[in-house]
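Colleague: Turn this into a model:
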Amino acid sequence: MILVLIFVGVALATAGLLSLLDVQFNVSKVTAVAAFVGGMIMVVGAEAGLIGSSSSFFKAQQIQTSACELDGESSYPDNRRVDPDHLIRKYILGCMAHAGYAWTSAHEHCKEAPLATNPLCYLPTGLFDRAVTRVQVAFE
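Modeller: Next comes the predicted model:
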């Protein structure tokens, strides 16, 4: 489906651009501009959907959370069952911060389980990554 959307978008954008260059596929300049803009919106939207479904963003956040948990438990093996000083939690929070994730309890599942090992309790610090991750976790 995404490939069809990209194909149609490229065709529309090409027809619009050629019409603007006086190779008449469209009747007027308004329809040429509309075809070009509509085609570009389709291509950009499809590419954003393709990138958003990749192993970037929230999937990478889940992987990083697991890696930080493993590192934390390996660093403090005696504190796995009882950790009165919360050393493992502090380690995981620091590890995630170092990896570029900020702690947040905005997601409802984080409010239910505010654990350092809950990937829904973090958001990337980068603006674009944060926006895509928010969209991805909105339906979790």
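
Colleague: neighbours of F139, just the number please.
Modeller: By the criterion of other Cβ atoms under 10 Å, F139 has 5 neighbours. Using the backbone N, CA and C atoms, a C-beta is placed for each residue, glycine as well.

Colleague: residue contacts, the residue nearest to C95 when sequence neighbours are not counted?
Modeller: Setting aside the residues directly before and after it, C95 is nearest to C68 in space (Cβ to Cβ, 6 or more residues apart in numbering), at 3.6 Å. Shown in contact with C68 (Cβ atoms under 8 Å, 6 or more residues apart in numbering): 91-92, 95-96, 99.

Colleague: is it fair to say C68 lies in a helix?
Modeller: Yes - per DSSP: H, G, I helix; E, B strand; the rest coil, C68 lies within a helix segment.

Colleague: Export the contacts of C68 as a markdown table, with columns for secondary structure.
Modeller: Below are the contacts of C68 laid out as a markdown table (three-state DSSP):
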| residue | secondary structure |
| --- | --- |
| Y91 | helix |
| I92 | helix |
| C95 | helix |
| M96 | helix |
| A99 | coil |
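
Colleague: ok, so of those residues, who is nearest F36?
Modeller: A99 (40.3 Å; Cβ to Cβ).
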